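J.: When you get a sec, could you give me coordinates for this:
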Amino acid sequence: SNNETDVTTSNAATLSRDTEFSEKAVKTEEVDTVEKERITEEAKVEEKTEAILCRESGLNQDARSAEEQRHEEEARRTQRRSLTENSKLAEETRIEEKEKLFKEGVPRKEKASPEVKAEQKVKQEDAKRHEIKLTEVSENNILRLGICAMDKKARSKPMAEILSRLDETLFEAVFFGNDLILNSPIEEWPVVDVLIAFYSDGYPLDKAESYVDLHKPFVLNDLKMQRHLMDRRKVYDLLQANGIDVPRHVYMSRDGYRSNVKRHPSIDDTFTNNSSALSQKESSLSTSASATTIATATNGYDNTQDSKGDEEVNVEEEEEEKENELLEFDDHIEVNGVSIHKPFVEKPVDADDHNICIYYPSSAGGGCKKLFRKIGNRSSEFYPDINEVRRDGSYIYEEFL
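T.: Next comes the predicted model:
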């Protein structure tokens, strides 16, 4: 009985300890669970805090960016206002100076003479043609830059590179386009402040000039002078008139063109006379000399050696015949007493005609090399049997450099 009591007591104590251990384990698990929940909650709070900070940082960056843009826009507006004020001030100063000069040049009591009035009118029209007026500029102070050229030129890479360098806040490019230029009247062309217009194949230069006369924009390149570029003779004459060296040359003009520019200094009278004597000697010995071609040549041929006839008409006819003379020999040609020895270049006077020929002397085998616009991978072709110059148009003959 005592043993049973002890066993019961021992079992009860063991059960009590087990229960106590179980309760402690449960409490420990509860504590661990609470701690985990606390840690999880803190992590969530930290994530939310970080997200808020990131969002605030982004808003601050956006705000700073907007503030910088606002400052930049304000700076551009200030710059435009400054340009406008400077332009107004310059305009007022110019007007005051013009009035002052007018008052000093023409007294009040005396009326201006018709010559003075005509001169003043020409100056005023010229000033209007080459001056950008503030009233013609749009309200946002942006200049409209017209590109009046064929699309092949206007949309080319060089033109795109030029336009990319312009400030978009000050300039607006306006492309006219082929259809508008070729098919629409100038009254339908857009009105611009500044105009870039240049000739190319098929370009209606007359319409462009009429447009400029109608709206009078500021023209960056002189349209009327572009007509000189169409004739190689006019280009050579312009170069010589301004003291710019050109190759030794002579004109064969079958269209009645006459040059007023003096002969190039490199063509002296001694050389001309010697060349003429040599040509006459070769003409008597050579059987391949061709007949005289009626044409006009320039470079200041001197007719003082012509014999004087009994009548002035006969003298003029004789001089004209002398001026319209081309002789062709094996290794040179002679135009109005000026000899050009092979190798020489034969250029059409039409600048759009790129069919240029180079004639070689018999010592080099003779023949002719024809140059033309590139076709595939070729831009020239040699013809060994062609040795005579062309006689179907007007040409420039110059030494081959």
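
J.: Give me the buried stretch members for the lengthiest strand in the chain, please.
T.: Identified as the longest strand of the chain according to DSSP state E is strand 368-375. Buried positions in strand 368-375, judged by neighbour count with 16 or more other C-beta atoms under 10 Å: C368, K369. The way it works is simple: take the backbone N, C-alpha and C, and place the C-beta from them, glycine included.

J.: again with stretch 378-395
T.: Buried, per 16+ other C-beta under 10 Å, within stretch 378-395: N387, V389, S394, Y395.

J.: what about the strands in the stretch 151-300 of the chain?
T.: Counting by DSSP state E, counting those that start in this stretch, one finds strands in the stretch 151-300 of the chain at the ranges 171-175, 194-197, 218-219, 249-252.

J.: and the longest strand of the chain, which strands flank it?
T.: strand 356-359 (antiparallel), strand 378-383 (antiparallel) (DSSP bridges).

J.: quick one on the thing from earlier: which of the buried residues of stretch 378-395 fall within strands?
T.: Y395.

J.: ok, so of the buried residues of stretch 378-395, who is nearest D245?
T.: Distances from D245 to the buried residues of stretch 378-395, taken as C-beta to C-beta, are shortest for Y395 (20.9 Å).

J.: Can you name the residues bridging to that closest one?
T.: Here Y395, judged by DSSP bridges, has bridge partners M252, P348.

J.: was I right about it contacting N355?
T.: No. Y395 lies out of contact with N355 (C-beta atoms under 8 Å); the separation is 10.4 Å.

J.: Quickly list what's touching both of those two.
T.: Common contact partners of Y395 and N355 (C-beta atoms under 8 Å, 6 or more residues apart in numbering): P348.

J.: Tell me which two in the buried residues of stretch 378-395 are the farthest apart.
T.: Counting by C-beta to C-beta, the most remote pair of the buried residues of stretch 378-395 is N387 and S394, 20.7 Å apart.

J.: Distance check, E381 against S259.
T.: For E381, the distance to S259 (C-beta to C-beta, to the nearest Å) stands at 32 Å.

J.: Let's see the pLDDT reported for the nearest residue to L229 once chain neighbours are set aside.
T.: Distances taken as C-beta to C-beta, 6 or more residues apart in numbering place A351 nearest to L229, at 6.0 Å, with adjacent residues excluded. pLDDT, A351: 91.

J.: Over to E42?
T.: 80.

J.: With only the CA atoms kept, save stretch 379-392 in PDB.
T.: Provided in PDB are the C-alpha atoms of stretch 379-392 (Å, rounded to 0.1, in the frame of the first residue of the first chain):
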ATOM      1  CA  SER A 379      32.400  59.000-115.500                       C
ATOM      2  CA  SER A 380      34.600  59.100-118.700                       C
ATOM      3  CA  GLU A 381      35.300  57.200-121.800                       C
ATOM      4  CA  PHE A 382      38.300  57.400-124.300                       C
ATOM      5  CA  TYR A 383      37.800  57.500-128.100                       C
ATOM      6  CA  PRO A 384      41.100  57.100-129.900                       C
ATOM      7  CA  ASP A 385      39.700  58.000-133.300                       C
ATOM      8  CA  ILE A 386      38.100  61.300-132.400                       C
ATOM      9  CA  ASN A 387      40.600  64.200-132.900                       C
ATOM     10  CA  GLU A 388      38.300  67.100-134.200                       C
ATOM     11  CA  VAL A 389      36.500  69.500-132.000                       C
ATOM     12  CA  ARG A 390      32.700  69.700-131.900                       C
ATOM     13  CA  ARG A 391      31.000  72.300-134.200                       C
ATOM     14  CA  ASP A 392      27.400  72.100-133.000                       C
END
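
J.: Can you name the residues in contact with it?
T.: By C-beta under 8 Å, 6+ apart, stretch 379-392 touches 290, 293, 328, 330, 333, 346, 357, 359, 365-373, 395, 397.

J.: please redo it, this time with the cut-off set to 6 Å
T.: T293, E346, G366, G367, C368, K369, K370, L371 (C-beta atoms under 6 Å, 6 or more residues apart in numbering).

J.: Settle this for me: the last one is touching I356, isn't it.
T.: Yes. Checked against C-beta atoms under 6 Å, the pair L371 and I356 is within contact range at 4.3 Å.

J.: With respect to M150, which of the strands paired with strand 368-375 lies nearest?
T.: Of the strands paired with strand 368-375, nearest to M150 by C-beta to C-beta is strand 378-383, at 22.5 Å.

J.: still on that earlier bit, single out the most deeply packed of the strands of the stretch 151-300 of the chain.
T.: strand 249-252 (a mean of 25; mean count of other C-beta atoms under 10 Å).

J.: packing partners for that one?
T.: strand 395-399 (3 or more C-beta pairs under 6 Å, 6 or more residues apart in numbering; DSSP states H and E).

J.: Doesn't T28 lie inside a helix?
T.: Yes. Membership of T28 in a helix is supported by DSSP: H, G, I helix; E, B strand; the rest coil.

J.: So it versus L15, what's the distance?
T.: Distance from T28 to L15, by C-beta to C-beta: 20 Å.

J.: What of E92?
T.: Taking C-beta to C-beta as the measure, E92 falls 114 Å from L15.

J.: Near the closest residue to H215 other than its chain neighbours, how many other residues are there?
T.: Spatial nearest neighbour of H215, chain neighbours left out: V191 (5.5 Å); criterion: C-beta to C-beta, 6+ apart. When counting by other C-beta atoms under 10 Å, one arrives at 12 neighbours for V191.

J.: follow-up on the earlier one: give me the contacts around the longest strand of the chain.
T.: In contact with strand 368-375 (C-beta under 6 Å, 6+ apart) are residues H354, N355, I356, C357, I358, Y359, S380, E381, F382, Y383, I386.

J.: Give me the distance between the last one and G367.
T.: From I386 over to G367 the distance is 7 Å, taken as C-beta to C-beta.

J.: same thing with the second one?
T.: Applying C-beta to C-beta, the value for N355 to G367 is 16 Å.
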